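Asks: one predicted model, sequence on top.
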Amino acid sequence: MNDQFPLPTRSRDYQGHMLDSARWDHIEPRDDDVIVATAYKAGTTWMQVIVGNLIFLGREIPGALLEMSPWVDMRGVALDDMLALVEAQDHRRFFKSHLALDGLRFFPQNKYIHVARDPRDVFISMWNHHRNYTDEVIEKVRGLDSVVGWPWPDCPDNAKAFWRDWISRGSFPWEHDGYPYWSSLHHLATWWDYRHLPNVLFVHYNDMLRDIEGEMRRVARFLDIEVPEAAWPGLVDAVSIDTMRDNAGAIMGEHASHFKGGGTTFIHKGTNGRWRDVLDDNDMKLYRAAMARTLKPEAAAWLENGRG
């Protein structure tokens, strides 16, 4: 990288019920590492499956995603266990991170795929996600409450009640939305000015829905993976929402047991626009205020629409 592309630096420490940004201090990068970087519910698992299928070129991904593509900043796995898993991998590594860029160590030799989605669709998916955790997972997370100093709340039965806190309350002092998780808006804001770095690729959920093969080909080019033309139909089928839902048990592994209904609850509808049946004009005022407070107009437009 040259002076034309100044590199991001970590300036904040994310310590929460699920996040521990300090875990990246223990990672020794390999030159070809890939990091799938999303806020949450924006296509994270979808992109991991895409990258995994490209790396293994149509061969079955030999394990659940939590093992093959570790979430490094996840507090729920013992650090020594996570590091042992990371170091033992002999395939091209593709990590997952939910950290905003101001909390993530940035390795210039690695490639970053930032995936984002309309926040209103994220909200619907996150509400479904939160309310379908099993009691065992809820108790485990609440065992970490001392880290952040406030209890992890029950999920409201009413989506609009979840919305009011989620869109207007932050979990960290520098965020203004995202409670009880973290902010999708701040997450994009930290990445936006670095979107032109040659080792950063922006992908939008809308564009994946519109043209999954085209987006998968973009990812392959970005990762310098040559795919035989005859292999593309099988690869595209392997990463379709329907196929992933059918294979949810294998994709999720033991992680599927964290959700009522198992893996198909985690890999849910995969559709957009369901927020239209939930949010009213007053809810949209909160949304517009949150977007204006955190994002530049061009970033806000991209977050809602993608490339189009």
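Replies: Received the coordinates, thanks.

Asks: immediately after the helix or strand of the chain with the lowest mean pLDDT, which helix or strand?
Replies: Ranked by mean pLDDT, DSSP states H and E, the helix or strand of the chain with the weakest confidence is helix 263-266, at a mean of 49. Using DSSP states H and E, the next helix or strand after helix 263-266 towards the C-terminus is helix 281-294.

Asks: residues of that next one that come out buried?
Replies: For helix 281-294, the neighbour count (16 or more other Cβ atoms under 10 Å) marks 283, 286, 287, 290, 291, 294 as buried. Where you see a C-beta, it was placed from the backbone N, CA and C, and this is true even at glycine.

Asks: from the chain's centroid, how far away is it?
Replies: A distance of 22 Å separates the centroid of the chain from that of helix 281-294, by Cα atoms, centre = their mean, to the nearest Å.

Asks: that one packs against which elements?
Replies: helix 119-131, helix 159-168, helix 184-192, helix 297-305 (3 or more Cβ pairs under 8 Å, 6 or more residues apart in numbering; DSSP states H and E).

Asks: would you mind finding the most buried of those helices?
Replies: helix 184-192 (a mean of 24; mean count of other Cβ atoms under 10 Å).

Asks: CA atoms only: put that helix into CSV for me.
Replies: Output in CSV follows, covering the C-alpha atoms of helix 184-192 (Å, rounded to 0.1, in the frame of the first residue of the first chain):
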residue,chain,number,x,y,z
SER,A,184,-25.0,-1.0,12.3
LEU,A,185,-24.8,2.6,11.4
HIS,A,186,-21.6,3.4,13.3
HIS,A,187,-20.1,0.1,11.9
LEU,A,188,-20.6,1.4,8.3
ALA,A,189,-19.4,4.9,9.2
THR,A,190,-16.0,3.5,10.4
TRP,A,191,-15.6,1.6,7.1
TRP,A,192,-16.9,4.1,4.7
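
Asks: average pLDDT for that helix?
Replies: The average pLDDT within helix 184-192 is 98.

Asks: other SSEs contacting it?
Replies: For helix 184-192, the elements it packs on are strand 111-116, helix 119-131, helix 281-294, helix 297-305, judged by 3+ Cβ pairs under 8 Å, 6+ apart.

Asks: what's the angle from the shortest one to helix 184-192?
Replies: Using axes from the mean of the first three to the mean of the last three Cα atoms, to 10 degrees, the inter-axis angle of strand 111-116 relative to helix 184-192 is 150 degrees.
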